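K.L.:
Quick check, what structure comes out for this input:
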Amino acid sequence: MQSVITRVFQGVVWLVLAGLVVEFYLAGAALFGVTTFQPHRALGVALAVAMLLLLVLALVARPGRRVVGLTVLLAVLTVVQVSLPRLLPPVAALHVVNAAVLLAVTGAIIRAAGRETTAIPSGLRSPEAPAAEEPST
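P.N.:
Numbering: from 1, shown residues only. As a prediction, the model looks like this:
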C-alpha cells in the first residue's frame, strides 16, 4: 500500500509541475490580451488544492525527511501565493516571484523523491555489492 501512495505522490507532483508551467503561460496570455485572467485563477485554485494534497500524501507515504520538508515548504508557499493578489500592489507583485519559487521547490521535490525511490536500503544489498555512491548536487 505504501508503494501505491508513493506512486500517487510522484504522479501528483509531476502534474503540479506541468500545471505550474501552464500557469505561467496563462498569466502571460492574459497580460498580452489573448485571454482573461479567469483561466489562470481557475487553474491556480486547482493547483493550490493539489499542492495541499501533496502534503497529505507526503505525510502518509513518508518518502523521507527531505521530501516531506520540501513538501511542507511548498504548502506554506502555496498559502502565501493564494494570499498575495489580495494585498497592496507593491506586495502583490511578489506573486510572480513566489510562483517561480513554487516551480523550483516542485522540481526539488521531484529530484529528491526520485533519489529516495532509487536508493537501495543497506539491509537489502547483497554483502558483495558495493554501496552506491550518492550523486553530488
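K.L.:
For the longest helix anywhere in the chain, what does the pLDDT average out to?
P.N.:
The helix of greatest length in the chain, counted in residues with DSSP state H as the criterion, is given as helix 2-31. Helix 2-31 carries an average pLDDT of 95.
K.L.:
Give the buried residues for the following helix or strand past it.
P.N.:
From helix 2-31 onward toward the C-terminus, using DSSP states H and E, the following helix or strand is helix 38-61. Residues of helix 38-61 classed as buried under the neighbour-count rule (16 or more other C-beta atoms under 10 Å) are 39-40, 43-44, 47-48, 50-51, 54-55, 57-58, 61. To be clear about C-beta, it is placed using only N, CA and C from the backbone, and glycine gets the same treatment.
K.L.:
Show me what secondary structure element comes after helix 38-61.
P.N.:
Scanning forward in sequence from helix 38-61, with DSSP H and E defining helices and strands, the next element found is helix 65-83.
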